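Colleague: Next come a sequence and a model predicted from it.
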Amino acid sequence: MLDKIAALQDEIRKLTAENAAQAEELRIKYLSKKGLVSVLFDEFKQVAPPKKKAVGMALNQLKNEAQSSIQALKEQFENSETKSTQVDLSAPGSSFALGSRHPLSLVRNQIVDIFARLGFTVAEGPEIEDDWHVFSALNFPPEHPARDMQDTFFINKDPDVLLRTHTSSVQVRVMEQQQPPIRAIFPGRVFRNEAISARAHCIFHQVEGLYVAEDVSFADLKQTLLYFAREFFGENTDIRLRPSYFPFTEPSAEMDVSCSICGGEGCNVCKHTGWLEIMGCGMVDPNVLDACGIDSNKYSGFAFGMGIERIAMLKYQVKDIRLFFENDVRFLEQFTAAE
Ligand code: DAH
């Protein structure tokens, strides 16, 4: 037995391999379950007890030697194989695939930036609201159709819990907490119980604006919105205000911008009118100021609200609002180059 061990030891000390595969073959030949070294361990069981100690020691040494020399052979190839493909430090780095901002975030950020330049701060309010903040404080008469079950997602009746249908609710929250001067915009998500189509969705986003101080006039509103329109759509943009109705503003108006696609000539996007409707606005109704604890004899203000999807659709000529919510990378990737 000792002779066999010595012979195998000799053999193992002379082992060479030309590549990693050969080294692996050697490992199998000597060290696998049925390998030559393992077989000796089986035979060890038959060794007479007085010799067991010496044979056992030799056998263990053989095994250790075999493991370390075969391992050394393997490592030699691992090293040389990496050496041959060694890192070229002068090679340019591999680039990571960059994601892109969602087009709605891009547009929201642009709107926030423009109003920030006029001194507007940003505030947010809850998406889950009550009747007071979404309707009552905003001067909606009790029987107003906007409170109808068809428009509003009610979570609970009595006490009222509902999903806000517009960001105008944040006006109320801000005015309840803060005395004028107030100059802020409120971007956020709103919910309406509407059938989903290419032009409407039950979830969308708005940016609301509010300015309350002493002697705020309709001229301030108009100038602010003209500045916004030119910053956002380009310096040649014109605006027009058409009389309209909202319970929370008096007078109220709808603002159009001259169509940036045809320059006002008339095209498919502006339905050949040369104008695009982009927001509602008006002077804050004194009832709203009073409901929020602001003295309407001393202060006046203007407010406006616009849909981010609508503006993004106009800016990027997106024909279907549903694309914003599907998160199809083929759609989103197109905005990688946008600011
Ligand atoms: N809240 C209105 C809507 O969702 C938009 C709006 C119109 C907001 C006029 C205003 C405003 O602040 O003055 O349709």
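Modeller: That came in fine, so what should we check first? Numbers count the residues shown, from 1 in each chain.
Colleague: Go ahead and measure how far the longest helix anywhere in the chain is from the middle of the chain.
Modeller: Ranked by number of residues, the top helix in the chain under DSSP state H is helix 49-84. The chain centre lies 55 Å from the centre of helix 49-84; the measure is Cα atoms, centre = their mean, to the nearest Å.
Colleague: quick one: contacts of whatever helix or strand comes next after it?
Modeller: As assigned by DSSP states H and E, the chain's next helix or strand after helix 49-84 is helix 103-116. Outside helix 103-116, the residues that touch it by Cβ atoms under 8 Å, 6 or more residues apart in numbering are 101, 122, 185, 187, 205, 207, 209, 227-228, 231-232, 306, 308-309, 311-312, 315-316, 318, 324, 332, 335, 338-339. Quick note: C-beta positions are derived from backbone N, CA and C, even for glycine.
Colleague: If we use 6 Å, what do you get?
Modeller: Residues outside helix 103-116 that contact it (Cβ atoms under 6 Å, 6 or more residues apart in numbering): 122, 185, 187, 205, 207, 228, 231, 308, 311-312, 324, 335, 338.
Colleague: Identify the residue with the minimum pLDDT among those residues.
Modeller: Lowest pLDDT of those: A338, 57.
Colleague: mind checking which helix or strand R189 is in?
Modeller: strand 182-191.
Colleague: mind listing what's buried in that strand?
Modeller: I182, R183, A184, I185, F186, P187, G188, V190, F191 (16 or more other Cβ atoms under 10 Å).
Colleague: PyMOL command to pick out the buried ones of the contacts of helix 103-116?
Modeller: Those of the contacts of helix 103-116 that count as buried under 16+ other Cβ under 10 Å are selected in PyMOL with:
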select buried, resi 185+187+205+207+228+231+308+311+312+324+335
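Colleague: The contacts of helix 103-116 in helices, which ones?
Modeller: Per DSSP H, the contacts of helix 103-116 map to helices at F228, E231, I308, I311, A312, F324.
Colleague: near the ligand, which residues of the stretch 101-250 of the chain?
Modeller: H166, S168, E208, F246, T249 (Cβ under 6 Å from any ligand atom).
Colleague: For the residues you listed, pick the one with the most neighbours.
Modeller: In terms of neighbour count, S168 stands highest of these at 29 neighbours, by other Cβ atoms under 10 Å.
Colleague: Pull the contacting residues for that one.
Modeller: Applying Cβ under 6 Å, 6+ apart, we find S168 in contact with L138, E208.
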